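Peer 1: From the sequence below, what's the structure:
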Amino acid sequence: MTETLPPAEAVLDRKARMRLPLEEVRARPVAERLRDFDATFLPMTEDEARRAALRCIQCPEAPCVEACPVHNDIPAAMRLIEQGDFFGAAAVYRRTSSMPEICGLVCPHEALCQGSCVRNKRGEPVLTGALEAFVADYERRHGTVEIRRGAASGKRVAIVGSGPAGLACAEQLVMRGHSVTVFEAAPAPGGLLVYGIPNFKLPKSIVEARLDDLRRAGVKFVTGRRIGEAETVDGLLADGYDAVFLGVGSAVDADMKIPGDDLPGVWQATEFLVRCNVDPRLLRPDQRQRPHVGRRVVVIGGGDTASDCLRTALRMQAEEVTCLYRRTEAEMPGGKKDRALAREEGARYRFLTQPVRFHADADGRVASVECLQCELGEPDASGRRRPVPIEGSTFSVPADTVVLALGYWPDPLIGKTTPGLETHDHGLIVADPETGATTRPGVFAGGDCVGGPDLVVTAMRGGRRAAAAIDEYLRTKA
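Peer 2: Residues are numbered from 1 along each chain as shown. Predicted coordinates:
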């Protein structure tokens, strides 16, 4: 057991702080966590949090702040945490972040704030992500989380989509006194945070608590309403909304487009994750049956969604879970931390592997994946070396279930049903990156439906920026 460190004033010297050892966030034992979908990591204790914050050397350049997409004042938060002022630290995060309790868990900190920590030059970084989650959780457990509603402006805003962009925009608008209604196509609000991120990474109770904060502040949620079908953006404006924010994400699963991709047992990643992870009460009736994954599961893809699917399959009691990726691990876009957890839990990786066909068994269900071995060629448009299949290298990988985690495309529906709304690249909405203003006056957009699939924090940033621009637009609107 690590002893409690002396008070902060006793270790203010940077050299003393540099000597403080890293204490990793504790994870639940693998055998235990594979039996359920509960959180992987155990919460920090107060003493652990203070010791972790004391490792911050308060460097004047603070590259962690610059690396954070919303520029959280991380050094200020660390100072407060080391002194035991957890409420004060939570307030620091909430000045720039609409959901620190969520970003502290799901951001790829190793590529953002933690990855930029100067301590990386001589050891391990400060655990900035875990500390952000700790203080946000502490604030909720020991106090109250309140979104302060501004003086009523008399203006109404419709938000389409209740993922991180829509929720951040709603928070900022209601704080400025505007009436906000959020329209969500799914049976429950939350978007990606509920339907896309597994519970072992982001407990649904945390998302629900933030939704309740918004409800108490006066935000209205209308679910089961897909704007662009019976109701359109023009219809919302005609109904008296003074502005519309589009935060519909980019959540159409990319297709494999090889023979056999329609066989029973071949799943798109989103449908697989939703059916395995989400409470059936939050699903459409046709989604409530859990998949029968069988003994062997193959996941195709290299991003964070692939890691989520691998870890989900293991919790569904699959015995052999294998990831197929057509490049090497060095080119994988997903986070290293998630891959390490997947490996620790039993997932296997097979690189330089290109699936070319799915084969069925006698009952017509998928039974194997036919593949070609690859080698890396010249870089493609993404800057990554292109996988080149090797002629005559065919081999098969047995599979009772296959999950396609190949990335996402935007939903073109909003663009097709909103005259004058400019889109590009299969449906991404053209919007000013700073204001979210689209080619339709009074219509703003942000998050993945503008920039394509990205991080929760960047979607949140897009929603916050758009909210500021919407507020200015409404105050100048006759």
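Peer 1: quick one: average pLDDT of the helix or strand containing D212?
Peer 2: Take DSSP states H and E as the rule and D212 turns out to sit in helix 204-216. Confidence over helix 204-216, taken as the mean pLDDT, stands at 98.
Peer 1: Same question for stretch 155-173.
Peer 2: 98.
Peer 1: same check, this time on stretch 115-130
Peer 2: When pLDDT is averaged over stretch 115-130, the result is 95.
Peer 1: mind giving me the domain ranges of the chain?
Peer 2: The domain map for the chain lists 8-142, 156-251+409-476, 255-406, with the assignment taken from automatic domain parsing.
Peer 1: R148 is nearest to which of these?
Peer 2: Each of the domains of the chain was scored for nearness to R148 using C-beta to C-beta, and the closest is domain 156-251+409-476 (6.1 Å). Yep, even glycine has a C-beta here, placed from its N, CA and C like the rest.
Peer 1: now the end-to-end length of the closest one.
Peer 2: End-to-end distance for domain 156-251+409-476, by C-alpha to C-alpha, to the nearest Å: 14 Å.
Peer 1: for stretch 291-305, same thing?
Peer 2: In terms of C-alpha to C-alpha, the two terminal residues of stretch 291-305 are separated by 17 Å.
Peer 1: chain center to that stretch: distance?
Peer 2: Relative to the centre of its chain, stretch 291-305 is centred 19 Å away, using C-alpha atoms, centre = their mean, to the nearest Å.
Peer 1: just stretch 56-73 next, same as before
Peer 2: Per C-alpha atoms, centre = their mean, the displacement of stretch 56-73 from the mean C-alpha position of its chain is 21 Å.
Peer 1: Residues touching that stretch, excluding its own?
Peer 2: Residues external to stretch 56-73 that are found in contact with it (C-beta atoms under 8 Å, 6 or more residues apart in numbering): 14, 17-18, 74-75, 78-79, 82, 92-93, 95-97, 100, 112-119, 126, 128, 132, 455, 457-458, 460-461, 464.
Peer 1: Buried residues of that stretch, list them for me.
Peer 2: Along stretch 56-73, these residues count as buried under the neighbour rule (16 or more other C-beta atoms under 10 Å): C56, I57, A62, C64, V65, A67, C68, P69, V70, N72, D73.
Peer 1: How much space separates the closest residue to F444 other than its chain neighbours from M18?
Peer 2: Counting by C-beta to C-beta, 6 or more residues apart in numbering, F444 lies nearest to G436, which is 4.1 Å off, once chain neighbours are set aside. As for G436, its distance to M18 is 42 Å (criterion: C-beta to C-beta, to the nearest Å).
Peer 1: One more: M175?
Peer 2: Taking C-beta to C-beta as the measure, M175 and M18 are separated by 40 Å.
Peer 1: With G84 instead?
Peer 2: Using C-beta to C-beta, we find G84 at a distance of 22 Å from M18.
Peer 1: isn't the residue nearest to F444 right up against A469?
Peer 2: Yes - distance between G436 and A469: 5.8 Å, which falls inside the contact criterion (C-beta atoms under 8 Å).
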